[in-house]
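[1] Build the 3D model from these lines:
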Amino acid sequence: MPAVSKGDGMRGLAVFISDIRNCKSKEAEIKRINKELANIRSKFKGDKALDGYSKKKYVCKLLFIFLLGHDIDFGHMEAVNLLSSNKYTEKQIGYLFISVLVNSNSELIRLINNAIKNDLSSRNPTFMCLALHCIANVGSREMAEAFASEIPRILVAGDTMDSVKQSAALCLLRLYKTSPDLVLMGEWTSRVVHLLNDQHMGVVTAAISLITCLSQKNPDEFKTCVSLAVSRLSRIVSSASTDLQDYTYYFVPAPWLSCKLLRLLQCYPPPEDGAVKGRLVECLETILNKAQEPPKSKKVQHSNAKNAILFEAISLIIHYDSEPNLLVRACNQLGQFLQHRETNLRYLALESMCTLASSEFSHEAVKTHIETVINALKTERDVSVRQRAADLLYAMCDRSNAKQIVAEMLSYLETADYSIREEMVLKVAILAEKYAVDYSWYVDTILNLIRIAGDYVSEEVWYRVIQIVINRDDVQGYAAKTVFEALQAPACHENMVKVGGYILGEFGNLIAGDPRSSPLVQFNLLHSKFHLCSVPTRALLLSAYIKFINLFPETKATIQEVLRCDSQIRNSDVELQQRAVEYLKLSSIASTDVLATVLEEMPPFPERESSILAKLKKKKGPGAVSVTELEDSKREGGELNGGGDRGPDTAAMAASNASTPSPSADLLGIRSAAPVGAAPASAGSLLVDVFSEAGPIAPSAAVNDDGFLSSAPPSEDPAPPLSEADELLNKFVCKNNGVLFENQLLQIGIKSEYRQNLGRMYLFYGNKTSVQFASFTTTVSCPGELQSHILSMHLCTKPVEPLVEGGAQIQQVLNIECLTDFSDAPLLNIKFRYGGALQNLTLKLPVTINKFFQPTEMTSSDFFQRWKQLSQPQQEAQKIFKANHSMDTEVLKAKLLGLGTALLDNVDPNPENYVCAGVIQTKGQQVGCLLRLEPNAQAQMYRLTLRCSKDSVSRRLCELLAEQF
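    The predicted model follows:
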């Protein structure tokens, strides 16, 4: 940087800052600032031209005032004028002001761009760097449009200085992140990749950040970087700390560059070239060997740099998952960190070993550290480390150690932190289910789980044990006996009462021969808990009572007396009252045969994927359970029968065996329903379930910036929307459910619901062929400004290789929040490989502004009074058009109601006309809307008039509705 010449100290600025610091109150500060602003404004408007030094000083003061939190509405032109100065300090202050205060919509942006172009073409490296820094700091689309084609030329030019190349690479990276569609490398690709061979390490460090980002989006274009990255990494790893003196950090050569190189290699599969692969393996072995060497310094910076490279290398080894020797060595190295005094190292070791546990090569090596991990679970002071220890126990569990791990986790549950108890409960339930070879052990484990942490046992868990007991004849008697004994405890959790009521209602007859558990004893035991339970549990117990009448006729009089009492048949809760009355009448008038038929034992549940796994994924968040998902896909799971397509609903337990379809019912008529990326559950797998409310499931996640494992999507760009996308969208304006798209391969169904400004959409993808779809991914994007109008809350990911078996159906859930009114629709891109060929299609999701209508009832006088209030021309949208469909009265009414508004009767003087009213709910505001539809049956024409409190809504609704009639 050039030396600051004499006089550039800006004494006036120093005095002003000193005055501000010496102010005793906020009022004094504001008074001093206002005085200074008035002085600066008068200087700028004065007749006397200011020299560069004065402009710089006053612009600096404005910048300081802005950083104090005050608005600045002048001085921008003076800052722009400073850009044309030939003095470094003046130009620097001008660029600094613009980077902080000028937004991308400013009228001055053209002048600024011209000044930047002049500096970029000046060949003065200092001025070029200032211009590049400004472009990167502002990073607007306008900047990208103006300079995206110029910066790559500067980056690869042979006469560009190294400092400018560094700035150009990072500037291009910034523009690519903000406007990837404008940064097209094209002819520059190979020359940018070859920057990895640059002699200047700073240029390589900056370039690799750019190449990594570009590789994640376009891996095929940049795959030549792999061999260059391996070569550069080899030179760094094999060098001594004295070889790269300028880039050696506490005796570690170029640690930041090494980490970036290792992270870049994680964007690609193992090299196919044997020589390159051998060289890379040699590098990784050298890194592991250096980790075993005694430290060259006791400074924490030395160990941090060394360990950063080591963990990135281990991440690459895990990513490749093809070198057994390296995987085992990595596991042993991590095992040494498990007892390290540094908490962060223990945390990182546990986290990395979770991923290693999913590899068939290193799973056994991970298991050797089980005692250390159990000890960490019991003794670690940091809750986040304990949570990682629990994750690792879950990941390393298999048939050989399942009972030990489940017992340790149950023991830990009694003293576990409240924040992780629910997740621990889910993991214990999954492991007990997956690896149980003895069903009585599974039942004991779940009942223990309810006893220890009943408040954290979700419905999915106790539903699950009931399903398994129903599906296994050999465990039903044991389950009934065990739950009967558990209910005898004086303090019994309500979830235990639910399980007990259900199992005794179904299988109490299996233990009724023992006088200690006779029918009347069973009933009295359950009824003793009745008054302490919530309404849903009482409803379940009433269903159990009517089942008792069928199982044990001798209890009929006692139970009828309970049902007949005022506290039941006159209960304030409608559900309890209805059950009591109906069950009493059923037991009184039905014959024994009819009663036996209506109250017969529940049939076995059909098999589907476990909802407990889905619950765990939802609890952990998107991508957080990738370890366990990888483990499930690579290692053999336990096999138990179980599952079903409905929960043990209390009503179904009684008079009806029918079940209510869940939101993920089989819309497409394809029987199987597995989550994205998972094959349909095998007939013998216990991890199948009925609860299709399995939480949001989506395709594999992209590689993230910080490394470790996540699977990258296909590199092909999304296809443009189908030509019929708008037509398909219009089909759903007045309805929420149906088939969105269908061809010979794929069928896409939709089921959605909306309340106020929130919506939930269930997407169902059906494979109509007998051949599996590979690499199935879906992406929802919001084009243009739509992202700021509709907020897609979350799309949870299932990071395993997505396969959709032939004839299977998979589900995805999208939660939507409407922030403000919008006109465009979100885009849904689906990619998969069928028979090796990539299928790539893009549709418009049927999310339109009318979905957020709340119907509003109005009288005739209120309607026309409001109609007159919305009389401004821009608030009205009107369209006269020819009828596209039959002008049937009932069809018209159904469409208007499907729109989401209230259809108002006897409001319009002409009974042939239709009027509607509603309020569109967004997060930021409410938009009132009135609609009038005037049909002319003779001319087969309509006149549609909309008046809304916001003009853009009127126009959009008019466009949408004109296509519906």
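
[2] Surely Lys893 touches Leu903?
    Yes: Lys893 is within contact range of Leu903, at 6.1 Å (criterion: Cβ atoms under 8 Å). (Glycine included, C-beta is placed from N, CA and C.)

[3] Between those two, which has more neighbouring residues?
    Shown here are Lys893 and Leu903; by other Cβ atoms under 10 Å, Leu903 has more neighbours (19 against 13).

[4] Could you point out the bridge partners of the more buried one in the sheet?
    Counting by DSSP bridges, Leu903 is bridged to Cys916.

[5] Tell me how far it lies from Leu819.
    According to Cβ to Cβ, to the nearest Å, Leu903 stands 28 Å off from Leu819.

[6] quick one: average pLDDT of whichever helix or strand Thr355 is part of?
    Assigned by DSSP states H and E, Thr355 belongs to helix 343-356. Helix 343-356 carries an average pLDDT of 90.

[7] So what touches that helix?
    The contact list for helix 343-356 (Cβ atoms under 8 Å, 6 or more residues apart in numbering) reads 307, 311, 314-315, 318, 327, 330-331, 334-335, 337-340, 362-363, 365-366, 369, 373, 376, 380, 382, 384-385, 388-389, 391-392, 395-396, 626-627, 630, 708-709.

[8] And the next helix or strand past the least confident helix or strand in the chain by mean pLDDT?
    Least confident helix or strand of the chain, by mean pLDDT, DSSP states H and E, is strand 672-673 with a mean of 33. Per DSSP H and E, the first helix or strand lying C-terminal to strand 672-673 is helix 725-730.

[9] I'd like to know which elements that following helix is packed against.
    Here helix 725-730 touches strand 837-844, going by 3 or more Cβ pairs under 8 Å, 6 or more residues apart in numbering; DSSP states H and E.

[10] measure Pro909 to Phe864 for me?
    On the measure of Cβ to Cβ, Pro909 and Phe864 end up 10 Å apart.

[11] Give me the more crowded residue out of the two.
    Between Pro909 and Phe864, Phe864 has the larger neighbour count (other Cβ under 10 Å), namely 16 against 8.

[12] So that one lies in a helix, does it not?
    Yes: using DSSP: H, G, I helix; E, B strand; the rest coil, the assignment for Phe864 is a helix.

[13] give me the number of residues near the closest residue to Cys134 other than its chain neighbours?
    Spatially, and ignoring its direct neighbours in sequence, Cys134 is nearest to Tyr95 (4.6 Å; Cβ to Cβ, 6 or more residues apart in numbering). Neighbours of Tyr95 under the rule other Cβ under 10 Å: 26.

[14] my read is Tyr95 is in a strand, agree?
    No: per three-state DSSP, Tyr95 lies outside any strand segment and is helix.

[15] Report the contact partners of it.
    Applying Cβ under 8 Å, 6+ apart, the residues contacting Tyr95 are 83, 130-131, 133-134.

[16] got a winner among these for most neighbours?
    That'd be Ala131 among the contacts of Tyr95, by other Cβ under 10 Å, with 28 neighbours.

[17] from memory it sits against Asn124, does it?
    No: taking contacts as Cβ under 8 Å, Ala131 lies outside contact range of Asn124: 9.8 Å.

[18] where in this protein is pLDDT low?
    1-9, 47, 104-106, 241-243, 607-611, 613-716, 784-801 (pLDDT under 70).

[19] List the residues that are in contact with both of Lys893 and Leu903.
    Shared contacts of Lys893 and Leu903, defined by Cβ under 8 Å, 6+ apart, comprise Tyr914.

[20] which residues does Val953 contact?
    Counting by Cβ under 8 Å, 6+ apart, Val953 touches 821, 849, 920, 927, 929.

[21] now those in TSV, with neighbour count?
    What follows is these, written out as TSV (neighbours: other Cβ atoms under 10 Å):
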residue	neighbour count
Asp821	19
Ile849	25
Ile920	26
Val927	21
Cys929	25
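
[22] Pull the most distant pair out of these.
    Farthest apart among the contacts of Val953 by Cβ to Cβ are Asp821 and Cys929. That separation is 10.6 Å.

[23] can you list residues touching both of these two?
    Joint contacts of Asp821 and Cys929 (Cβ under 8 Å, 6+ apart) are 920, 953.

[24] mind checking which helix or strand the residue lying closest to Leu393 once chain neighbours are set aside is in?
    Among residues not flanking Leu393 along the chain, Ile405 sits closest, at 5.1 Å (Cβ to Cβ, 6+ apart). Using DSSP H and E, Ile405 maps to helix 402-413.

[25] List of residues touching that helix?
    Counting by Cβ under 8 Å, 6+ apart, 370, 374, 377-378, 390, 393-394, 396-397, 421, 424-425, 427-428, 431-432, 434-436, 441, 445, 448-449, 452-453, 638 sit against helix 402-413.

[26] Over to stretch 850-860?
    Residues contacting stretch 850-860 (Cβ under 8 Å, 6+ apart): 733, 736, 752, 754, 756-757, 759, 818, 866, 899-902, 904, 906-907, 917-922, 928-929, 957, 960.

[27] at 6 Å what do you get?
    754, 757, 818, 899-902, 904, 907, 917-921 (Cβ atoms under 6 Å, 6 or more residues apart in numbering).

[28] could those be laid out in a markdown table, adding distance to Ile569 and secondary structure?
    Converted to a markdown table, these look like this (distance: Cβ to Cβ, whole Å; DSSP: H, G, I helix; E, B strand; the rest coil):
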| residue | distance to Ile569 | secondary structure |
| --- | --- | --- |
| Tyr754 | 39 | strand |
| Asn757 | 42 | coil |
| Cys818 | 46 | strand |
| Leu899 | 44 | helix |
| Gly900 | 40 | coil |
| Thr901 | 42 | coil |
| Ala902 | 38 | strand |
| Leu904 | 41 | strand |
| Val907 | 44 | coil |
| Ala917 | 43 | strand |
| Gly918 | 42 | strand |
| Val919 | 42 | strand |
| Ile920 | 45 | strand |
| Gln921 | 41 | strand |
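
[29] From these, list the buried ones, please.
    Neighbour counting over the contacts of stretch 850-860 (16 or more other Cβ atoms under 10 Å) leaves 754, 757, 818, 899-902, 904, 907, 917-921 as the buried ones.

[30] I'd like to know which of those is nearest to Ala144.
    Out of those, the member with the shortest distance to Ala144 (by Cβ to Cβ) is Cys818, at 29.2 Å.

[31] Report the beta-bridge partners for that closest one.
    So, taking DSSP bridges as the rule, Cys818 has Ile790 as bridge partners.

[32] wouldn't it be in contact with Gly924 here?
    No: with contacts counted by Cβ atoms under 6 Å, Cys818 stays clear of Gly924, the gap being 9.2 Å.

[33] Neighbours of Leu393, how many?
    27.

[34] still on that earlier bit, and the helix holding Ile405, how far out from the chain's middle?
    Centre-to-centre, helix 402-413 and its host chain are 30 Å apart (Cα atoms, centre = their mean, to the nearest Å).

[35] which parts of it are buried?
    Neighbour counts over helix 402-413 (16+ other Cβ under 10 Å) mark 402-403, 405-406, 408-410, 412-413 as buried.

[36] do the same with stretch 575-585
    Residues 576, 579-581, 583-584 are the ones in stretch 575-585 that count as buried (16+ other Cβ under 10 Å).

[37] Give me the contacts around it.
    With Cβ under 6 Å, 6+ apart as the criterion, stretch 575-585 contacts 538-539, 542, 546, 563, 568-569, 571.

[38] Name the member of those residues with the shortest distance to Ala808.
    For those, the minimum distance to Ala808 (Cβ to Cβ) is 35.8 Å, reached by Ala539.

[39] how far away is that closest one from Cys565?
    Applying Cβ to Cβ, the value for Ala539 to Cys565 is 16 Å.

[40] of the two, who's got more company?
    With neighbours defined as other Cβ under 10 Å, Ala539 and Cys565 compare such that Ala539 has more, 23 against 12.

[41] So that one lies in a strand, does it not?
    No: using three-state DSSP, the assignment for Ala539 is helix, not a strand.
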